[in-house]
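> Got a predicted structure plus its sequence, pasted below:
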Amino acid sequence: FAAFEDENSLSDLAKPFKIPEGTKITYVRTADDLQPITKGEASIYFFPRGRTQKAHIQLESPDGQTQYTIKVEPLTGRVTIVDGLEDLVLPDDPNDEEDDLGKDRQRRSL
């Protein structure tokens with residue numbers, strides 16, 4: 001017997017990304033932070049059904065030559081890792097930004 005992968009499986013989500021030893025977290029910012037956190041402790045909250053805060057986490061190797069940004073999407077909890085440093089830029093009006101699907105967020109009233 002052998003294992004097989006269904007074409008609709010989520011196996012790509014389980015592939016680990018190994019962070020080199022000595023890597024430092026240099027910056028954390030969520031959509032709720034007025035300024036990036038560069039010292040001390042930072043928190044990113046996760047909620048039921050996989051939701052979380054929009055966040056960027058910047059990592060740097062000890063020699064400063066390698067840099068990554070971990071981007072956390074709020075609606076899906078999806079995490080992507082990109083080369084280089086990307087600051088989390090927040091709009092002046094939070095209703096002006098796009099959601100995880102690239103659609104305009106609109107103010108809703110009940």
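That came through, no problem.
> Extract the residue ranges of the protein that are flagged as low pLDDT.
Low-confidence segments of the chain (pLDDT under 70): 1-15, 93-102, 104-110.
> now the strands for it?
For the chain, applying DSSP state E gives strands covering 24-30, 55-60, 67-72, 79-83.
> Given the second one, what are its sheet partners and their directions?
Spelled out, that is strand 55-60. strand 24-30 (antiparallel), strand 67-72 (antiparallel) (DSSP bridges).
> For the longest one, buried residues please.
Buried residues in strand 24-30, counting neighbours by 16 or more other CB atoms under 10 Å, are found at 27, 28, 29, 30. For every residue, glycine as well, the C-beta is placed using N, CA and C.
> Quick check: closest non-adjacent residue to residue 27.
Closest residue to residue 27 apart from its sequence neighbours, by CB to CB, 6 or more residues apart in numbering: residue 58 at 3.9 Å.
> does the one you found really touch residue 23, like I thought?
No - counting by CB atoms under 8 Å, residue 58 does not reach residue 23; the two are 10.6 Å apart.
> Of those two, which one has the most company?
The neighbour count for residue 58 versus residue 23, taken as other CB atoms under 10 Å, is higher for residue 58 (21 against 14).
> who does the more buried one bridge with?
residue 27, residue 69.
> List the contacts of it.
Each residue near residue 58 by CB atoms under 8 Å, 6 or more residues apart in numbering is listed here: 25, 26, 27, 28, 67, 68, 69, 70, 85, 86.
> mind checking the end-to-end distance for stretch 71-90?
End-to-end distance of stretch 71-90 (CA to CA, to the nearest Å): 14 Å.
> So which residues make contact with it?
17, 27, 29-31, 36, 44, 46, 50-58, 60, 67-70, 97, 99-101.
> Which of the residues you listed are buried? Put it as a ChimeraX command.
Burial among the contacts of stretch 71-90 is assessed by 16+ other CB under 10 Å; the matching ChimeraX selection reads:
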select :27,29,30,31,52,53,54,55,56,57,58,60,67,68,69,70
